[in-house]
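Peer 1: From the sequence below, what's the structure:
(chains A, B, C, D, E and F)
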There are 6 protein chains.
Amino acid sequence: MRPSGRAPDQMRAITIEPGFTRHAEGSCLIGFGETKVLVTASIEERVPPFLRGKGQGWVTAEYGMLPRATHTRGSREAAKGKQSGRTQEIQRLIGRSLRSVVDMTKLGERQITLDCDVIQADGGTRTASISGAWVALSLAVQGLMAKGLLTENPITAQVAAVSCGIWEGNPVLDLDYIEDSSAHADANFVLLDNGNIAEAQATAEGATYDEEALLRLLRLARIGCGEIFAAQRKAIA
Amino acid sequence: MRPSGRAPDQMRAITIEPGFTRHAEGSCLIGFGETKVLVTASIEERVPPFLRGKGQGWVTAEYGMLPRATHTRGSREAAKGKQSGRTQEIQRLIGRSLRSVVDMTKLGERQITLDCDVIQADGGTRTASISGAWVALSLAVQGLMAKGLLTENPITAQVAAVSCGIWEGNPVLDLDYIEDSSAHADANFVLLDNGNIAEAQATAEGATYDEEALLRLLRLARIGCGEIFAAQRKAIA
Amino acid sequence: MRPSGRAPDQMRAITIEPGFTRHAEGSCLIGFGETKVLVTASIEERVPPFLRGKGQGWVTAEYGMLPRATHTRGSREAAKGKQSGRTQEIQRLIGRSLRSVVDMTKLGERQITLDCDVIQADGGTRTASISGAWVALSLAVQGLMAKGLLTENPITAQVAAVSCGIWEGNPVLDLDYIEDSSAHADANFVLLDNGNIAEAQATAEGATYDEEALLRLLRLARIGCGEIFAAQRKAIA
Amino acid sequence: MRPSGRAPDQMRAITIEPGFTRHAEGSCLIGFGETKVLVTASIEERVPPFLRGKGQGWVTAEYGMLPRATHTRGSREAAKGKQSGRTQEIQRLIGRSLRSVVDMTKLGERQITLDCDVIQADGGTRTASISGAWVALSLAVQGLMAKGLLTENPITAQVAAVSCGIWEGNPVLDLDYIEDSSAHADANFVLLDNGNIAEAQATAEGATYDEEALLRLLRLARIGCGEIFAAQRKAIA
Amino acid sequence: MRPSGRAPDQMRAITIEPGFTRHAEGSCLIGFGETKVLVTASIEERVPPFLRGKGQGWVTAEYGMLPRATHTRGSREAAKGKQSGRTQEIQRLIGRSLRSVVDMTKLGERQITLDCDVIQADGGTRTASISGAWVALSLAVQGLMAKGLLTENPITAQVAAVSCGIWEGNPVLDLDYIEDSSAHADANFVLLDNGNIAEAQATAEGATYDEEALLRLLRLARIGCGEIFAAQRKAIA
Amino acid sequence: MRPSGRAPDQMRAITIEPGFTRHAEGSCLIGFGETKVLVTASIEERVPPFLRGKGQGWVTAEYGMLPRATHTRGSREAAKGKQSGRTQEIQRLIGRSLRSVVDMTKLGERQITLDCDVIQADGGTRTASISGAWVALSLAVQGLMAKGLLTENPITAQVAAVSCGIWEGNPVLDLDYIEDSSAHADANFVLLDNGNIAEAQATAEGATYDEEALLRLLRLARIGCGEIFAAQRKAIA
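Peer 2: Numbers count the residues shown, from 1 in each chain, chains lettered A, B, ... in the order given. Predicted coordinates:
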């Protein structure tokens, strides 16, 4: 029995509040249960130096956790003067995941930055970030199209992410903090709505795992992402 | 006529949502119109080195602005590797303001950190932060008292803050971003509910001001803080 | 009785030694009693990026304290790798104060940087810095005019600053270190010779204060700045 | 046909030179073709603060690339003043991988740091680092056992890593730099000699991939790691 | 003919104003012509970690240059967030030089820090710093002896430093800025009053030099240090 | 008797392996006994800002020590976020030394960076770096000439460096770590094959030294550099 009483293949409640802030070109507050992430999409009419003059755009991401998003207060990265390795790893993953569903040539010479700030954490902040970033990005692109700045939608597919893990010997979907702290393996899958995989990361924590376990985790992730895809579509409608 | 249509002595709508996050010992989302600040109060059972063994507590604050809280995206301080002078100035002001209404001996050897993170900015983020911090602090102290960890309330008064300024030649209360950008003088007052002043800061921007103007701004601030005090009391009830 | 034996409205000896260093376009060593600050004004024929091509100039300031300016040695900010929040707050105040008396269009596309380095500290280093910076700036502008690079003086007024505070219950002028350490309220006023206020900052330390106290502190500041204005005029004559 | 003329499931030449440096408790120079990584294992009789007094040890890793290990000179991280996100991501992966095969209780209260410095890069530096780190770690542990400081070997299995990817539509093993630059998907597998998986990471670059592709990449990785396991055993014999 | 009209073996005017600041245990303002350095000696009753409990003291130095000490304004190291390589090299040299004349066992478990801050620069700032540091250190030690905290003088000799160089083909003593900018070789000698050498550094700039030149520069340095030794003795008398 | 059994004027075995890495335009692994330094020369077709458009090139150097090059592991400078004063002092010395034998006008508007990374340390790492850097630089220049990018060799002489010191009262050549740790004076000489001196640095450690000692150390350095010059010529042949 999972601490939350959920079935092994049961997601937490997925909530997406589009347009949560007013200045960003796209934004949402996404919740996977008690995990809450504010995602904003900011459009800038310039690209990084390595892309200048190449006729294509760029999508990038930054990630942060408010100091008291967690059970005990963590130190503020701005005050410490540097981002942790964990933060950098996560924001690189978010950026790659979103770029996998954007046609950069259609986007044109502009950059969209996805800021994912964790307001409250209860496991799965990186997967909620990716899933919410797709919504914020889509809303920003809708705005560009509504203004006639884009004529073709550069977003080629939906992308969502969810964590799974082996907890007390059983594969379970969408780990919350209690499960995450004691899981023997911890995986994050970034999937497309066409069934393809953008990123698979499965890490042993304490005990290594076999190929069968990897496949079972992937199957759970497909279930979870199916639910997230539905919530995303509803949010941008 | 003010851009928002407000009367010179009219505050924007004050909203305070107590208990906005679940992990912090106290929290609220405070709004002054479109300015929204999430404040959390975190209790730690230790004090900074300079206070160890002195039988008293400490209250401190940190301030941050999400990159896209503003009209155009600002760079993330954690990524730049340092907090700006503005950020440091604001968080020092918040800490001083709250300390002015706490009896540190009654608090005991514990530290309360007030994290003020601006979710959306439209002028007055530092004054909303101070006003919300009092609510988060009060909720945290209520918790300590409910658990019997404190028998006497260390909070000695209410404290609130509001900005005022001279805009198009007239003193006005609670500047929003448009007014703030073109005000000739910009003041922040931190007031106690007993009428006393914890901090007064009035800065000329473009044109210096005279003593009469300073007093008129202070009078406006008294009106604004009166409304905030009422909202604070309601929020912690 | 004040520790120094001064009357409540008595300044310490004000000394200004113009031309203290030879390379700077303007400089002075200013003393408020045992507080000694070396101020240099450096002219550069360029402006910050945000002002380029706008036909106007800029005035900015930096502040530092030599490690052993104080009673016990403080750590060197260059060695620590960052400026403290206090340092940044002070240098922002100095810059704002001087900009309030300069017509940037008349200055033309050049920047004047005021470096205020505290050689010895005994309270009031920021107010001595502002007061000395006006002298260094004026000397630099005299040089520009002597060379024919400026035909009209861009300095529109004198600006000076002094601290006041409530010490043992009484408002006193120009706090020295002993008074500053135990004052109940601490204010800094930046005044113009036409009577206007460029900046007022009054902070409660321990005990908050009322409106009457604020006004009494301002009145003391007017007395002190009057003396500083006279010393400034003599220094640049 | 691969640029190097290799078959799809063909590794580059694996070379391991144990004892490459004299001060480290364990070391080797590992080569995957033209990729050369110097790995040292340093034993310290202390553990990080979070493990003190718990009767167990710790294994951690750091990774660096000499500035001219690559085709064009990269900037030195020590001179830039920070490690890149890529560097931090890699060193976290190396540390996790090695910890998956060490019984921390048997290791006792000591820390072993694995420094992986890339002398020359031609793709696969992180997988060569992990594979070489197992050798350096094993040599260090042999030393502890020879001195009687350990009576039981805390290393529970062999661990090795290899990259695979989809290049020109075909799954291939052990990407070199040319292949890596143009692969459509890029995976790193960290495997144990008992067949288990310590870490699987498969990232889409340009084109996402399906489950079948993931499995084919894993199968290639099993072939490659088999060869590395043999080379490791020979190196520590 | 030297730009200043000096003879090849002629020092600039040496001025030493002891007790220039009031808080430091020892201090002086030393001038070599237009080069002016403020040196303070700060005593702390503790030693660095590597010396704790060894019954001996430590002498160290820090060096800084005020931004406008030079002909054109340099950036402030505290604002840039790091000390330049030049600054670090100089402060290491000052520390070593002074340690060469202190018996650390006689000093006891205390540290003396010599802060050398260049108020105005015209060549020779590091040699003036060393020469002035000996005066500040001696005054601080006199204070310790006067208070009975030391019974034996830990200073074993006088130490002074001077620069020499090959300018327009001729060896000259005590280079000023104009000479220093165009010298073909530039040397700094740190000498003891017993004739011994604490440090010799001779660097080719543009043209290398021969052994005979090295010896001629050393001879000039002996002349210059002789004058400095006399000025030092007078300053501490 | 020296710990190594060497005669006072005896160098350790000098080994130079040219072309140690494949990407750099020039490289070698140089050994002075157990001290091993990897040096690479990287050519870039650009110069630093202060030289742009002046028709001349630049030669610079960076130095690093792998964390476990030494007897006990040192912390990684990239992880600490800054280069130590020692590192900066050494890399400045290497750069100056190499520039003393390059005609920058003949080099043309290109920069050659010499990266010196210590793989294993046993004393003399800076002198081995300089000596190896000349080889790497020469190989890189040979490549430019072979490609016809240079028609005249910009290298004007050979440069090499060696350490000497006074150990147990006797001048000895090429200190190893054991000697270096207990030497009373420690000198580094950078010499040209025409007998000239590019840099002489002789530092007292514990006991100061006299002029005769300085000359005896220089004579030893001439013997050592003679051997290094021969090894360099052989390496580039």
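Peer 1: At the geometric centre of chain A, which residue do we find?
Peer 2: A centroid search over chain A (Cα atoms, centre = their mean) returns A:Ile130, at 1.3 Å, as the residue closest to the centre.
Peer 1: Could you find the closest non-adjacent residue to that one?
Peer 2: A:Ala161 (3.9 Å; Cβ to Cβ, 6 or more residues apart in numbering or on different chains). For the C-beta atoms, the positions are set from N, CA and C on the backbone; glycine is no exception.
Peer 1: still on that earlier bit, who touches the residue nearest to the centre of chain A in this structure?
Peer 2: A:Leu93, A:Ile94, A:Ser97, A:Leu98, A:Val159, A:Ala160, A:Ala161, A:Val190 (Cβ atoms under 8 Å, 6 or more residues apart in numbering or on different chains).
Peer 1: Report the buried residues of stretch A:85-100.
Peer 2: For stretch A:85-100, burial by neighbour count (16 or more other Cβ atoms under 10 Å in any protein chain shown) applies to A:85, A:87-100.
Peer 1: Which ones among those residues lie within helices?
Peer 2: A:85, A:87-99 (DSSP state H).
Peer 1: Show which residue of chain A lies farthest from the average position.
Peer 2: Distance-from-mean max, chain A, by Cα atoms, centre = their mean: A:Gly53 at 29.7 Å.
Peer 1: just the helices in chain A please.
Peer 2: Counting by DSSP H, the helices of chain A are A:77-80, A:85-99, A:104-107, A:125-146, A:177-182, A:211-236.
Peer 1: between those, which one is nearest to F:Gly19?
Peer 2: Among the helices of chain A, the nearest to F:Gly19 by Cβ to Cβ is helix A:85-99 (35.6 Å).
Peer 1: which other residues reach the closest one?
Peer 2: A:58-65, A:77, A:83, A:114, A:116, A:125-126, A:129-130, A:133-134, A:137, A:159, A:161, A:188, A:190, A:198-199, A:201, B:78, D:83, D:85-86, D:88-89, D:91-92, D:203-204.
Peer 1: what's around A:Arg222, how many residues?
Peer 2: Counted with other Cβ atoms under 10 Å in any protein chain shown, the neighbours of A:Arg222 add up to 17.
Peer 1: Equivalent analysis for A:Asp210, please.
Peer 2: Per other Cβ under 10 Å, the neighbour tally for A:Asp210 reads 13.
Peer 1: wait, what's in contact with the residue of chain A found nearest chain C?
Peer 2: Nearest residue of chain A to chain C: A:Gly81, at 7.5 Å (Cβ to the nearest Cβ). By Cβ under 8 Å, 6+ apart, the contact set of A:Gly81 is B:Gly81, B:Lys82, C:Lys82.
Peer 1: So which residues on chain A come close to chain B?
Peer 2: Residues of chain A lying close to chain B by Cβ under 8 Å from any Cβ of the partner chain are A:21-24, A:27, A:34, A:36, A:38, A:40, A:42, A:44, A:62, A:64, A:66-73, A:76-79, A:81-83, A:87, A:113, A:115, A:117, A:119-121.
Peer 1: Could you pick out the buried ones from the residues you listed?
Peer 2: Buried by 16+ other Cβ under 10 Å: A:21, A:23-24, A:27, A:34, A:36, A:38, A:40, A:42, A:62, A:64, A:66-70, A:73, A:76-79, A:81-83, A:87, A:113, A:115, A:117, A:119-121, out of these.
Peer 1: still on that earlier bit, out of the ones in helices among the buried residues of stretch A:85-100, which is nearest to E:Asn153?
Peer 2: Set against E:Asn153, the nearest of those by Cβ to Cβ is A:Gly85 (52.6 Å).
Peer 1: how far away is that closest one from D:Thr127?
Peer 2: 19 Å (Cβ to Cβ, to the nearest Å).
Peer 1: What score does the closest residue to chain E within chain A have for pLDDT?
Peer 2: With Cβ to the nearest Cβ, the shortest gap between chain A and chain E falls at A:Gly81, namely 9.2 Å. On pLDDT, A:Gly81 comes in at 89.
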